[in-house]
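Asker: A structural model of the following input is requested.
(2 chains)
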Amino acid sequence: MAKKTYDLLFKLLLIGDSGVGKTCVLFRFSDDAFNTTFISTIGIDFKIKTVELQGKKIKLQIWDTAGQERFHTITTSYYRGAMGIMLVYDITNAKSFENISKWLRNIDEHANEDVERMLLGNKCDMEDKRVVPKAKGEQIAREHGIRFFETSAKANINIEKAFLTLAEDILRKTPVKEPNSENVDISSGGGVTGWKSKCCS
Amino acid sequence: MYSCVKVSQFPREKENLTSLSRSVMEFGEESSPALAFDKDAFELTVEDVYDISYVIGRDLLKISSAGEEVSDLQFRIVRVLEMFETLVNKYNLSLEELKMERDNLKSELHRIIQDGSSAQGAQTVGPNQLVVDLTDPNRPRFTMQELKEVLQERNHLKAQLLLAQEELQLYKSGILPQAEPALVEVDLDAPEPADTATESSPAATDDAKAEKTTIRKLFSFSRK
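Answerer: Numbers count the residues shown, from 1 in each chain, chains lettered A, B, ... in the order given. Alright, predicted model coming up:
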């Protein structure tokens, strides 16, 4: 019997206004790199990163959505399959903070009820351009009972911590059982199904 | 007869001109009728023609005592002035008509252009509608559904690639068994009907008789 490449598969989703840095946050986590050129995400993209938590290999399939309204119908169809959602705003952009409630409403409408949520205030390296105080981020997170981090994809602050924390929170409520015949479902709206392993008995 | 009519006409004319000159004198602008002579021919009005008539009539009065020849000349001058009056009048009326026609056409054109543009606007751009410039090489062309399908396919292929890369990595690092032994394993485990044996490795045919081997070879050849 061949060794499995992972024990669990978690599907995560990044949402938030256009330009807040969702793709950069993900790129920092998956490739430990940062790119200053802004290329708007077209619709939806994903990256995969395997992490080890509590002795378990966890494959994270992280969906990166376009923040632009015109992709709304495409992106919302990916909420359903997500086990964790990161809502990102930009601490230098007040509008992106004001829109948090709109994004939270999207989650309520389109995601699973038990989805694990997290709020990220990105670009915290740009202290001179900050318009959203950290306390305001903490307050809105507390009001909605979700975790909050200020991050910087550029300066690599709290990025890995945020993803690992979200994965841990999902792991905590995942029933411990032997995962069998799971595969990555790349179609929209699908739940977590299996990654077909052709090698097992 | 002809001159008779003229003669009877002229004193009246003279009377008019005299009374006109009197009224002008009362306003103290005796020189103003003479200004009509300085005007551009195309700017003359009927009033200017009357002014000219007045000035000429006044000057004629000064020499009217001279006799028959001058009297005839007076009638001819009056006749020329009358023709002049008619021409100026006609010219000014025509000019006025042409100006009115021009203005009418202008406003008509303006109205048609406006109607045309508003009608066109109503056809293509309502509220929440977008005008697409068909000459723009970067214009939107695909529907959201098409984009969705392309993205799904892209992400599907990406997932497969990642899976393949991962598997390749496992083979390379020796975690997974090599491909060939795995194949043999499958062959051994699987029940082996005659047909599948034919298709399988040449090793299977080694045990069989030479004749059978040939047949099998032919068979497998023909099956290809």
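Asker: which residues of the chain fall in helices?
Answerer: Going with chain A. Using DSSP state H, the helices of chain A run over residues A:22-31, A:72-76, A:94-98, A:100-110, A:134-143, A:159-172.
Asker: to clarify, I was referring to chain B.
Answerer: B:2-27, B:46-63, B:68-124, B:144-173, B:179-189, B:194-199, B:202-206, B:210-223.
Asker: of all the helices of chain A, which one is nearest chain B?
Answerer: helix A:72-76 (5.2 Å; CB to the nearest CB). (C-beta placed from N, C-alpha, C; glycine too.)
Asker: which helices and strands sit right next to the closest one?
Answerer: Applying 3 or more CB pairs under 8 Å, 6 or more residues apart in numbering or on different chains; DSSP states H and E, we find helix A:72-76 packed against helix A:100-110, helix B:144-173.
Asker: in that helix, what's buried?
Answerer: A:Ile74, A:Thr75, A:Thr76 (16 or more other CB atoms under 10 Å in any protein chain shown).
Asker: again with stretch B:46-62
Answerer: B:Asp48, B:Val49, B:Tyr50, B:Asp51, B:Ile52, B:Ser53, B:Tyr54, B:Val55, B:Ile56, B:Gly57, B:Arg58, B:Leu60.
Asker: stretch A:65-84 too?
Answerer: Of all the residues in stretch A:65-84, those buried under the rule 16+ other CB under 10 Å are A:65-67, A:71, A:74-84.
Asker: just grab the bridge partners of A:Ser152 for me.
Answerer: On the basis of DSSP bridges, A:Ser152 is bridged to A:Ile157.
Asker: list the contacts of it.
Answerer: Each residue near A:Ser152 by CB atoms under 8 Å, 6 or more residues apart in numbering or on different chains is listed here: A:Asn122, A:Lys123, A:Cys124, A:Asp125, A:Met126, A:Asn158, A:Ile159.
Asker: okay, those residues in a markdown table with neighbour count, pLDDT and distance to B:Phe142 next?
Answerer: A markdown table is the format used below for the contacts of A:Ser152 (neighbours: other CB atoms under 10 Å in any protein chain shown; pLDDT from 0 to 100; distance: CB to CB, whole Å):
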| residue | neighbour count | pLDDT | distance to B:Phe142 |
| --- | --- | --- | --- |
| A:Asn122 | 30 | 97 | 31 |
| A:Lys123 | 28 | 97 | 33 |
| A:Cys124 | 23 | 97 | 38 |
| A:Asp125 | 16 | 97 | 38 |
| A:Met126 | 14 | 97 | 36 |
| A:Asn158 | 19 | 97 | 38 |
| A:Ile159 | 24 | 97 | 34 |
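Asker: for those residues, which one is nearest A:Arg28?
Answerer: Nearest to A:Arg28 among these, counting by CB to CB, is A:Ile159 at 4.7 Å.
Asker: and for the closest residue to the closest one other than its chain neighbours, the neighbour number?
Answerer: Distances taken as CB to CB, 6 or more residues apart in numbering or on different chains place A:Arg28 nearest to A:Ile159, at 4.7 Å, with adjacent residues excluded. Using other CB atoms under 10 Å in any protein chain shown, A:Arg28 has 23 neighbouring residues.
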